[in-house]
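Enquirer: Fold the following for me, if possible:
(2 chains)
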Protein chains: 2
Amino acid sequence: MDVQTYMTELGRAARAASRQIARTDTNAKNAALHAMAAAIERDAEQLLAANAADMAAARAAGLDEALLDRLALTPKGVAAMAEGLRQIAALPDPVGEMGDFAYRPSGIQVGKMRVPLGVIGIIYEARPNVTADAAGLCLKSGNAAILRGGSEALRCNQAIAALVREGLRSAGLPETVVQVVETTDRAAVGALITMSDYVDVIVPRGGKGLIERITREARVPVIKHLDGICHVYIDDEADPDKALRIADNAKTHRYGTCNTMETLLVNETVAELILPPLGEIYRAKGVALRACPRTREWLPDAEAATEADWRTEYLAPILAIRVVADLDEAISHINEYGSHHTDAIVTENYGKARRFLREVDSASVMVNASTRFADGFEYGLGAEIGISTDKIHARGPVGLHGLTSQKWVVLGDGQIRV
Amino acid sequence: MDVQTYMTELGRAARAASRQIARTDTNAKNAALHAMAAAIERDAEQLLAANAADMAAARAAGLDEALLDRLALTPKGVAAMAEGLRQIAALPDPVGEMGDFAYRPSGIQVGKMRVPLGVIGIIYEARPNVTADAAGLCLKSGNAAILRGGSEALRCNQAIAALVREGLRSAGLPETVVQVVETTDRAAVGALITMSDYVDVIVPRGGKGLIERITREARVPVIKHLDGICHVYIDDEADPDKALRIADNAKTHRYGTCNTMETLLVNETVAELILPPLGEIYRAKGVALRACPRTREWLPDAEAATEADWRTEYLAPILAIRVVADLDEAISHINEYGSHHTDAIVTENYGKARRFLREVDSASVMVNASTRFADGFEYGLGAEIGISTDKIHARGPVGLHGLTSQKWVVLGDGQIRV
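Expert: I've put the predicted structure just below:
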């Protein structure tokens, strides 16, 4: 069977399953989620072994450190997967939520009902936890899912997928609600993103090359983010302790994640106060600095930044630093060079905090908090299927509600238009 | 100057204007809306004369009745345009709305802020009221707009656009917040829908051919509906008076609109009761019937329906009628043959109403009301920019909120990820 035929069969099965799961009641969906979580905990050792085999193969293939960081699954990671599924089970079922009903002058009563999107295609690389998270979020939101993970995580993904199917079966739901693409043929991706009859939305997670290709070739709507070029701006009215703590954490907590700070902006008034101690912190952790000329007055060891540095997502222990004159320059820099993902200001000034929140055009805007908080778990979504830097449909971390739509409901007593 | 260069200049100006209008306060936007409304009322005669010239040219060109119906502007229509703008001014400003703030275990407080989409491209045919409605909705929602109306409505659209610019000017806002494409060259559309650097979303309104072309060629997200194949299902527990009233109104109130009923489904138990008097009503109004064999037992004059009739949006005094065995068959027919636009059930049964609302997969689902209510005005949106049959982003009538997005706001006191 060729890839196109194989994918069409997956699509047809997913469409049929989506009709059934859209009508499935909350208890059955939660029972499946709990069964998946229990199975993952029960088989934790096997998942870790599968991941270890994936990691060894990836290292042998010379894959880079950022990717290895994403690929790694720890016992804590397995526990978090199971916990994530239980958190999703504990969340209110979004399907069928109704609200905003109001009577209109005509006498009709108009409101909204939340409904699943239908079939969701997830295309991802590395991170094995995506398989469980995506399955759980799609299921709870009443959608069918077709998952296409990266070949570097194949062993672990297949092991997780088997436990997902076990969970569905045990709750009396069709296994086709969550299907994993079994071929590593790249043509499978091309088929998935163009089957508009069978797939309602694509959520790609992975490197920029993958996402650009998908965006260019997809004939199905895509919820995506290309880059996480995140900024922290240290204002002249920043609390210095908070500024150092946040600038440290936003860069060094994890290097390979999309919500990691890539450019630090420092108000010129506090450059002398902030930059030398911050330079010490980064030096101790081995973070290489790319700095503007004014930054280098205080950090002479830093390499000179080029224009390209302001537009680069390093995903590595590298940080660009720029001294700016004021809030206006900081906001302009972020809106011009950033990727509209996550940006934070450190300040004690009310008015400047308010202006930053309104005028920075990013999916997440923060005051006095690390950019690392931009995450579905941290925001209370239970888990996330991705982080969108688009403005259409869903923006920022996408959880259950991002995988649903709302239809209008009209309740009447025989009303007609006059 | 070639069309591509011309459109790029419009795009650049729109992007710059979008940054300004996103920050403009509510009072200035409302002042512009009121000034536009006053100017439209003041120049009502001129608008009607421009429309009369457009209508004469359209008739001479042999354009069809449905299009002429959409093109027609009456004194009532002009008043409704001005009233629509005032209603938009009276609506709460969606930009900057904040809500859903909650503390998370980490100590950060997470919520959402509503923001404009940026630049909206509107491509439409006929209906001259779209020019004022679209300008008003884009302005109030903090977006810049590029409007590309049909050549058949050019005189009237240009007259309205001049009044929109007058309104913007009088409120001290840049005229480039709302720009009208001045060329009738079709290449302008091709440029508009591919300028992803300058346009954030396209809203096409018009015939199926136009919308299919735009959907196929756009490199910018599209909020659209292709078809309005709307159904009314008359259940065996329907109130017969309501059933006749709704089936009459949904078909005959206006023939050329997307929320007009195109297929009537009648439960077999009440076919004998409902079909003969309904046939009289339609006969008196000159509605041609295309019916299934069982319908023709009661309406022998009706033409036999073909499979194609169930998938046709007539936009004309033609109605397809089918007798169905029960609610299941009605729901299956609607989900299979409909266009997911607007569908209604007439019933007094609570459980069947509830099932219809949940299981019919359409942008608007109704109980005991005419499908003609599916409209931004009737739903209380102030006006509508279009009706979406997509599920992504906006579904059904799209008003102010459909032209905005939400970003996440995180308020902290120095929190870091641990």
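
Enquirer: tell me, which strand in chain A spans the most residues?
Expert: Counting residues, the longest strand found in chain A (DSSP state E) is strand A:404-415.

Enquirer: So what's the gap between that one and the chain middle?
Expert: Here the centre of strand A:404-415 is set off from its chain's centre by 32 Å, with CA atoms, centre = their mean, to the nearest Å.

Enquirer: Work out for me the element residue A:111 sits within.
Expert: Using DSSP states H and E, residue A:111 maps to strand A:109-116.

Enquirer: Residues contacting that strand, please?
Expert: The contact list for strand A:109-116, computed with CB atoms under 8 Å, 6 or more residues apart in numbering or on different chains, reads A:18, A:21-22, A:94-104, A:141-143, A:401, A:403-412, B:357-358, B:361, B:365, B:378-380, B:391. From N, CA and C alone the C-beta is placed, and that goes for glycine too.

Enquirer: hmm, try it at 7 Å
Expert: Defining contact as CB atoms under 7 Å, 6 or more residues apart in numbering or on different chains, one finds that strand A:109-116 is touched by A:18, A:22, A:94-104, A:141-143, A:404-411, B:357, B:379-380.

Enquirer: relative to strand A:404-415, how tilted is that strand?
Expert: 150 degrees (axes from the mean of the first three to the mean of the last three CA atoms, to 10 degrees).

Enquirer: Partner strands of strand A:109-116, with direction?
Expert: Paired strands of strand A:109-116, with direction, are strand A:98-103 (antiparallel), strand A:404-415 (antiparallel) (DSSP bridges).

Enquirer: Give the rounded mean pLDDT of the last one.
Expert: What strand A:404-415 shows for mean pLDDT is 96.

Enquirer: cool, stretch A:242-254 as well?
Expert: Rounded to a whole number, the mean pLDDT of stretch A:242-254 is 98.

Enquirer: for it, which positions count as buried?
Expert: Neighbour-count burial for stretch A:242-254, counted by 16 or more other CB atoms under 10 Å in any protein chain shown, picks out A:242-253.

Enquirer: Helices along chain A, start to end?
Expert: Remark: helices assigned in chain A by DSSP state H are A:3-23, A:26-42, A:44-60, A:65-71, A:75-90, A:129-140, A:154-170, A:187-192, A:208-217, A:240-252, A:271-285, A:293-298, A:327-337, A:350-359.

Enquirer: Pull the residues that contact the second one.
Expert: Counting by CB under 7 Å, 6+ apart, helix A:26-42 makes contact with A:47, A:78, A:81-82, A:85-86, A:88-89, A:93, A:132, A:136, A:139-140, A:163-164, A:166-168, A:170-173, all of which sit outside it.

Enquirer: Counting neighbours, which bits of it end up buried?
Expert: For helix A:26-42, burial by neighbour count (16+ other CB under 10 Å) applies to A:29-41.

Enquirer: With the fourth one instead?
Expert: Within helix A:65-71, the residues that count as buried by 16+ other CB under 10 Å are A:66-67, A:69-71.

Enquirer: which of those come close to chain B?
Expert: Among the buried residues of helix A:65-71, not one lies near chain B by CB under 7 Å from any CB of the partner chain.

Enquirer: Looking at those, which gets the smallest pLDDT?
Expert: For the buried residues of helix A:65-71, the least confident entry is residue A:66, with 79.

Enquirer: Let me see the contact set for it.
Expert: Going by CB under 7 Å, 6+ apart, residue A:66 touches A:255-256, A:315-316.

Enquirer: Give me the PyMOL select line for those residues, limited to the buried ones.
Expert: Selecting only the buried entries of those in PyMOL, with 16+ other CB under 10 Å as the criterion:
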select buried, chain A and resi 255+256+315+316
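
Enquirer: Quick check: the gap between residue A:197 and residue B:211.
Expert: 18 Å (CB to CB, to the nearest Å).

Enquirer: typed the wrong thing, it's residue A:52
Expert: Look at residue A:52 and residue B:211: by CB to CB, they are 52 Å apart.

Enquirer: Between these two, which is the more surrounded one?
Expert: Neighbours were counted for residue A:52 and for residue B:211 using other CB atoms under 10 Å in any protein chain shown; residue B:211 has more, 19 against 14.

Enquirer: coming back round to it: what about the helices of chain A, which gets the closest to residue B:148?
Expert: The closest of the helices of chain A to residue B:148 is helix A:208-217. By CB to CB, the value is 24.5 Å.

Enquirer: counting contacts, what elements does the closest one pack onto?
Expert: strand A:201-205 (3 or more CB pairs under 7 Å, 6 or more residues apart in numbering or on different chains; DSSP states H and E).

Enquirer: Next, the buried residues of the strand it packs on.
Expert: Within strand A:201-205, the residues that count as buried by 16+ other CB under 10 Å are A:201-205.

Enquirer: What's the mean pLDDT across it?
Expert: For strand A:201-205, the mean per-residue pLDDT is 91.

Enquirer: Now do it: which elements does it pack against?
Expert: strand A:119-124, helix A:208-217.

Enquirer: Can you flag the weakest of those by average pLDDT?
Expert: Of all these, helix A:208-217 carries the lowest average pLDDT, namely a mean of 86.

Enquirer: what's the burial count for residue A:25?
Expert: The local packing of residue A:25 (other CB under 10 Å) involves 10 other residues.

Enquirer: Could you pull up the contacting residues of it?
Expert: Counting by CB under 7 Å, 6+ apart, residue A:25 has no contacts.

Enquirer: go on, residue A:96?
Expert: Per CB under 7 Å, 6+ apart, neighbours of residue A:96: A:113-114, B:358.

Enquirer: can you rerun that using 8 Å?
Expert: Residue A:96 makes contact with A:113-115, B:358 under the criterion CB under 8 Å, 6+ apart.

Enquirer: Now do the same for it: its pLDDT.
Expert: Listed pLDDT for residue A:96 reads 95.

Enquirer: Residue A:368 against residue A:346, yeah?
Expert: Yes: shown here, residue A:368 and residue A:346 form a contact pair, counting by CB atoms under 8 Å, at 5.7 Å.

Enquirer: just to revisit the earlier point, could you identify which of the helices and strands packed on strand A:201-205 is most buried?
Expert: Highest mean neighbour count of these: strand A:119-124, a mean of 27 (counted as mean count of other CB atoms under 10 Å in any protein chain shown).

Enquirer: on that earlier part again, for residue B:219, state which of the buried residues of helix A:26-42 is nearest.
Expert: Checking the buried residues of helix A:26-42 one by one against residue B:219 (CB to CB), the nearest turns out to be residue A:29, at 36.8 Å.

Enquirer: Point out the residues in the stretch 101-250 of chain A that sit beside chain B.
Expert: Applying CB under 8 Å from any CB of the partner chain, we find that the stretch 101-250 of chain A lies next to chain B at A:102, A:104, A:106, A:108, A:110, A:113, A:115, A:117-118, A:200-201, A:221, A:239, A:241-242, A:245-246, A:248-250.

Enquirer: now do 7 Å
Expert: Going by CB under 7 Å from any CB, the residues of the stretch 101-250 of chain A near chain B are A:102, A:104, A:106, A:108, A:110, A:113, A:117-118, A:200-201, A:221, A:239, A:242, A:245-246, A:249.

Enquirer: Residue A:226 touches residue A:387, doesn't it?
Expert: No: in this structure, residue A:226 is not within contact of residue A:387 by CB atoms under 7 Å, at 10.8 Å.

Enquirer: Those two: which is more packed in?
Expert: Each of residue A:226 and residue A:387 has its neighbours counted (other CB under 10 Å); residue A:387 has more, 26 against 18.

Enquirer: Check that one and give its pLDDT.
Expert: At residue A:387, pLDDT is 85.

Enquirer: Thank you kindly, that will do.
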